[in-house]
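Peer 1: here's a sequence, model it:
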Amino acid sequence: MGKILTSWHRMGMEEGKVEGKIEGKIEALQSSIIKLANKKFNTISGETKNKILAVLNTILLKY
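Peer 2: The predicted structure follows:
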């Protein structure tokens, strides 16, 4: 039996996809920064790692 989706359901699904993509980009940028910092400084403190993970703005993470 197929599901009947209202326009609200479809809109919600699309918003969820967009949010998921943004979250994925943020996680990838955070991971890259942490890896590069570990490589350059041999290790970074847990505090520094947590500060990187606290940044949720892709623009700030890119620059």
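
Peer 1: Lys40 and Gly12: what is the separation?
Peer 2: 42 Å (CB to CB, to the nearest Å). Quick note: C-beta positions are derived from backbone N, CA and C, even for glycine.

Peer 1: more crowded one of those two?
Peer 2: Gly12 (12 against 8; other CB atoms under 10 Å).

Peer 1: ok, Lys40 to Glu14 distance?
Peer 2: 39 Å.

Peer 1: actually Leu29, not the one I wrote
Peer 2: 23 Å.

Peer 1: so which of those two has more stuff around it?
Peer 2: Using other CB under 10 Å as the criterion, Leu29 and Glu14 rank with Leu29 on top: 17 against 10.

Peer 1: what values do phi and psi take at Leu56?
Peer 2: phi -110, psi 20 (degrees, to the nearest 10).

Peer 1: Val55 too?
Peer 2: phi -80, psi 120.

Peer 1: not counting sequence-adjacent ones, nearest residue to it?
Peer 2: Leu61 (5.6 Å; CB to CB, 6 or more residues apart in numbering).

Peer 1: element containing the one you found, please.
Peer 2: Assigned by DSSP states H and E, Leu61 belongs to helix 58-62.

Peer 1: could you pull up the mean pLDDT of that helix?
Peer 2: Summarised as a single mean, pLDDT over helix 58-62 is 83.

Peer 1: so which bits of that helix are buried?
Peer 2: Judged by neighbour count using 16 or more other CB atoms under 10 Å, the buried positions of helix 58-62 are Leu61.

Peer 1: who touches that helix?
Peer 2: The set of residues external to helix 58-62 that reach it, using CB atoms under 8 Å, 6 or more residues apart in numbering, is Ile22, Lys25, Ile26, Leu29, Gln30, Ile33, Val55.

Peer 1: taking those residues, please make a PyMOL selection of just the buried ones.
Peer 2: A single PyMOL command selects the buried members of the contacts of helix 58-62 (16+ other CB under 10 Å):
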select buried, resi 26+29+30+33
